[in-house]
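Colleague: Whatever this is, show me its structure:
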Amino acid sequence: MSITRKQFLAGAAAGMMGAFAAGTAAAAPVKAEDIQWDAEYDVVVVGFGAAGASTAINSAEMGANVLLMEKAPQGYEGGNSAVCYQWVAQVFPDDVERAKTYMKAMREGFQTPTDEMIDVYIEELTHNQEWLIAHGAPNCVPRENYTGEFPDMEGAGSISIVTVDGQDRAQHSSLYRMLRKLVASTEGLETWFGCRATHLIQDAEGVVRGVECECQGQTIRVRAKNGVALTCGGYENNPRMLEDFNEAVGVGPLGASFWNEGDGINMAMEAGARLWHVHNYVGPNMGYRFKNSGVYTFGLYSFYGLSVAPDGTRYTSIGASGHGKFLYYGNRVNFFCPRWTFFIFDDDSVHAGAPHKSFDADCQWEIDHGYYSIADTLEDLAAQIEVPVEKFLETVEAFNASEPRMPIVKAPFYALRCDYPCGNTQGGPERNEKGQVIAVDGTPIPHLYEAGELGDIHSHCYNASCNVGGGLAFGRIIARQVCQTPDDTDPASQLTGEGWHPAPREEVVYECGENQFIGKGQGKGGLPMVVRVTRDGDKISEIEILEHYETLGLVDKCLEQMPQRIIEAQSTDVDVITGATMTSIGIISAVADALK
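Modeller: Sure, this is the predicted structure:
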């Protein structure tokens with residue numbers, strides 16, 4: 001009996017699918033020969049992060065008719081690209097050879113990425129700055145005195161960092177705001193939000209012909225004449241994958257990458273892809289998890305206090321890491337730590353310094369809002385945080401003896417939980433130098449590509465800015481491939497009528513009573529902030545926040561306190577909330593708009 005390439009690859013991948021598909025749609029491959037298409041484009045890009053934006057923008061600029069599918073609702077798109085530092089990797093011509101040497105050094109003996117992949121990758125990184133400038137970056141300059149993530153490695157410092165606005169750490173989503181505007185304004189590029197891609201559609205020979213997705217309650221099948229690019233991020237919010245690939249138990253995504261659930265891995269495996277370096281992820285990081293949203297802070301530290309592990313002993317960090325890699329007897333290994341720890345304070349030390357930049361200086365707001373466990377005795381505190389009481393008391397006693405400047409002696413006593421979430425994942429479907437996804441037999445899966453964090457090329461050590469910078473680079477590489485109509489594709493339309501499009505988003509109209517006014521501003525990421533201001537004569541009596549796209553947990557204090565500050569001052573000339581600058585500015589600008 002003869003079998004097709006498609007049947008062989010599907011059989012080879014089937015054994016892996018059961019374990020890794022947890023939390024996603026069940027595998028149900030669809031054959032291209034058996035369906036009627038609902039929509040049709042030259043190129044379909046799945047995922048609207050930096051890599052997806054680059055792939056879609058460049059493909060459209062080269063003349064392709066492009067669909068960009070995004071799983072998140074409009075306003076919440078972007079994943080890690082929207083919340084990261086906005087650093088973009090750039091290699092300048094004089095640094096090319098040193099950068100290649102540095103990339104090879106970061107492998108520390110791993111077979112991938114190959115020398116050939118590194119050559120292509122570094123050469124394409126040389127074009128990031130010019131591409132950003134050509135697309136409107138106002139002040140795209142390199143960060144000064146950057147020595148690289150691993151300064152002891154040969155070639156360190158050869159990969160530079162640029163931002164679109166010249167800020168050292170562009171905390172205001174400046175790159176992603178620029179990409180969002182470009183996507184919205186590029187001719188030949190359509191975006192569907194709230195659209196979850198579930199399956200790739202292949203023909204009998206295994207050629208990817210389109211994508212099946214769930215959008216507005218319907219199953220939609222979209223033909224992709226030239227190719228499909230998976231740019232849908234990693235699996236930071238897929239607990240089963242984190243357990244299977246990384247031995248990470250009970251962790252979630254850092255920031256707000258809730259829609260990164262490994263969909264691209266499952267779809268590619270279903271199509272017969274093989275995986276590479278799924279062990280490699282950026283983490284564990286240190287953070288506080290907000291109960292109302294599940295979001296983790298980035299970074300948590302204690303000026304005064306004791307850190308206690310689950311066994312009741314004192315936890316001290318093994319040292320600094322470079323994006324999750326720690327130098328251990330001459331080689332980098334994944335940073336290791338307990339699954340969680342607690343910072344322990346007494347009534348004096350808890351007010352002595354903020355453990356995170358978003359906390360009040362004396363932490364009183366956080367105490368009042370339930371961030372801390374509180375007890376009148378150390379025994380009761382140990383019981384609350386579920387650590388062995390006797391060992392905990394011994395640990396506190398030893399800490400007091402060794403740290404006399406701020407002993408833990410004055411009731412009440414406090415504990416702040418610290419978790420160790422996943423920053424981002426690196427592995428996934430293997431790709432080649434053209435961005436093509438590789439099948440289990442080592443050949444490219446026809447018409448299937450990937451870019452960005454999904455299956456990124458970093459097998460071991462990772463230098464900051466390379467996920468975003470590499471995503472922009474591979475977006476251009478893929479665009480050059482998919483904008484050439486393949487010989488095995490019929491360029492004629494296969495639609496039987498007008499193509500399907502999602503219903504347009506309805507604009508919300510907010511009601512106003514007497515002496516009430518609507519105002520609009522921009523919060524973090526340039527997204528809308530809408531308020532309703534009520535006046536009593538000449539005075540501001542109430543401010544209601546009607547619409548925002550801020551990250552709950554991180555901005556709760558700001559949403560509560562900024563309206564209060566404005567009302568108390570009877571002016572928008574007030575200080576912003578530390579740790580929520582752009583949210584504060586969004587509220588201030590919206591109120592000012594309502595009052596004008």
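Colleague: those helices in the stretch 351-500 of the chain, which residues are they?
Modeller: All helices of the stretch 351-500 of the chain, identified by DSSP state H, counting those that start in this stretch, fall at 364-368, 378-385, 389-402, 466-482.
Colleague: quick one: which of the ones you listed is nearest His548?
Modeller: helix 364-368 (19.4 Å; CB to CB). All C-beta atoms are positioned from the backbone trio N, CA, C, and that covers glycine.
Colleague: Could you dump the helices of the stretch 351-500 of the chain into TSV and include mean neighbour count, distance to Val295 and mean pLDDT?
Modeller: What follows is the helices of the stretch 351-500 of the chain, written out as TSV (neighbours: other CB atoms under 10 Å; distance: least, CB to CB, whole Å; pLDDT from 0 to 100):
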stretch	mean neighbour count	distance to Val295	mean pLDDT
helix 364-368	16	15	95
helix 378-385	18	21	98
helix 389-402	16	29	97
helix 466-482	25	20	98
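Colleague: tell me the centre residue of this structure?
Modeller: Asn80 (1.8 Å; CA atoms, centre = their mean).
Colleague: Roughly how far does that residue sit from Ala72?
Modeller: Counting by CB to CB, to the nearest Å, the gap between Asn80 and Ala72 amounts to 12 Å.
Colleague: again, but for Gly136
Modeller: 24 Å.
Colleague: now swap in Gln202 and tell me
Modeller: Taking CB to CB as the measure, Gln202 falls 26 Å from Ala72.
Colleague: Give the residue from these two that has the larger number of neighbours.
Modeller: Set Gln202 next to Ala72 and count neighbours by other CB atoms under 10 Å: Gln202 wins out with 26 against 21.
Colleague: which regions of this protein sit below the pLDDT cut-off?
Modeller: Low-confidence segments of the chain (pLDDT under 70): 1-30, 168-171, 256, 302-304.
Colleague: Just want the angle from the lengthiest strand in it to helix 466-482.
Modeller: Counting by DSSP state E, the longest strand found in the chain is strand 218-230. In terms of direction (axes from the mean of the first three to the mean of the last three CA atoms, to 10 degrees), strand 218-230 departs from helix 466-482 by 100 degrees.
Colleague: Just the buried residues of strand 218-230, please?
Modeller: Ile220, Arg221, Val222, Arg223, Ala224, Lys225, Asn226, Gly227, Val228, Ala229, Leu230 (16 or more other CB atoms under 10 Å).
Colleague: Who are the contact partners of the third one?
Modeller: For Val222, the residues meeting the contact criterion (CB atoms under 8 Å, 6 or more residues apart in numbering) are Trp37, Asp38, Ala39, Glu40, Tyr41, Val44, Leu67, Met69, Gly210, Val211, Glu212, Cys213.
Colleague: So for the third one, what's the nearest residue that isn't a sequence neighbour?
Modeller: Spatial nearest neighbour of Ala39, chain neighbours left out: Gly499 (4.1 Å); criterion: CB to CB, 6 or more residues apart in numbering.
Colleague: My guess is the one you found contacts Asn65. True?
Modeller: No: in this structure Gly499 lies outside contact range of Asn65 using CB atoms under 8 Å: 10.3 Å.
Colleague: one step back: show me the contacts for the residue nearest to Ala39.
Modeller: Asp38, Ala39, Glu40.
Colleague: Make CSV out of the residues you listed and add neighbour count, distance to Val482 and secondary structure.
Modeller: Formatted as CSV, the contacts of Gly499 follow (neighbours: other CB atoms under 10 Å; distance: CB to CB, whole Å; DSSP: H, G, I helix; E, B strand; the rest coil):
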residue, neighbour count, distance to Val482, secondary structure
Asp38, 21, 21, coil
Ala39, 23, 17, strand
Glu40, 19, 15, strand
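Colleague: want to throw those into TSV with distance to Glu568?
Modeller: Compiled in TSV, the contacts of Gly499 are given as follows (distance: CB to CB, whole Å):
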residue	distance to Glu568
Asp38	55
Ala39	53
Glu40	57
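Colleague: re earlier: correct me if wrong: the residue nearest to the centre of the chain contacts Gly452.
Modeller: No: checked against CB under 8 Å, the pair Asn80 and Gly452 is beyond contact range at 9.1 Å.
Colleague: Could you pull out the residues contacting both of the two?
Modeller: Joint contacts of Asn80 and Gly452 (CB under 8 Å, 6+ apart) are Gly49, Gly233, Asn467.
Colleague: out of everything not next to it in sequence, what's closest to the second one?
Modeller: Distance criterion CB to CB, 6+ apart; nearest residue to Gly233, sequence neighbours excluded, is Asn260 at 4.1 Å.
Colleague: Equivalent analysis for the last one, please.
Modeller: Excluding the flanking residues, the one nearest Asn467 by CB to CB, 6+ apart is Glu453, at 5.3 Å.
Colleague: how much space is there between that neighbour and Gly47?
Modeller: Separation of Glu453 from Gly47 (CB to CB): 9 Å.
Colleague: just Leu495 next, same as before
Modeller: 24 Å.
Colleague: More neighbours: the two, which one.
Modeller: When Leu495 and Gly47 are compared for neighbours, Gly47 comes out ahead with 35 against 14, by other CB under 10 Å.
Colleague: correct me, but that one touches Val228?
Modeller: No: contact criterion CB under 8 Å: Gly47 and Val228 do not qualify, at 11.0 Å.
Colleague: Gly353: how many residues sit nearby?
Modeller: Neighbour number of Gly353 under other CB under 10 Å is 17.
Colleague: With the one 4 residues further on instead?
Modeller: Residues lying near Lys357 (other CB under 10 Å) number 13.
Colleague: List the contacts of it.
Modeller: Each residue near Lys357 by CB under 8 Å, 6+ apart is listed here: Gly299, Thr578, Gly579.
Colleague: repeat that with 10 Å
Modeller: By CB atoms under 10 Å, 6 or more residues apart in numbering, the contact list for Lys357 reads Thr297, Phe298, Gly299, Leu300, Tyr301, Thr578, Gly579, Ala580.
Colleague: these two touch, right, the fifth one and Thr341?
Modeller: No: applying CB atoms under 10 Å as the test, Tyr301 and Thr341 come out as separate, 11.9 Å apart.
Colleague: what touches both of those two?
Modeller: Met286, Ser307, Cys418.
Colleague: could you dump the residues you listed to TSV with neighbour count and distance to Val482?
Modeller: Putting the shared contacts of Tyr301 and Thr341 into TSV (neighbours: other CB atoms under 10 Å; distance: CB to CB, whole Å) gives the following:
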residue	neighbour count	distance to Val482
Met286	21	40
Ser307	20	50
Cys418	25	45
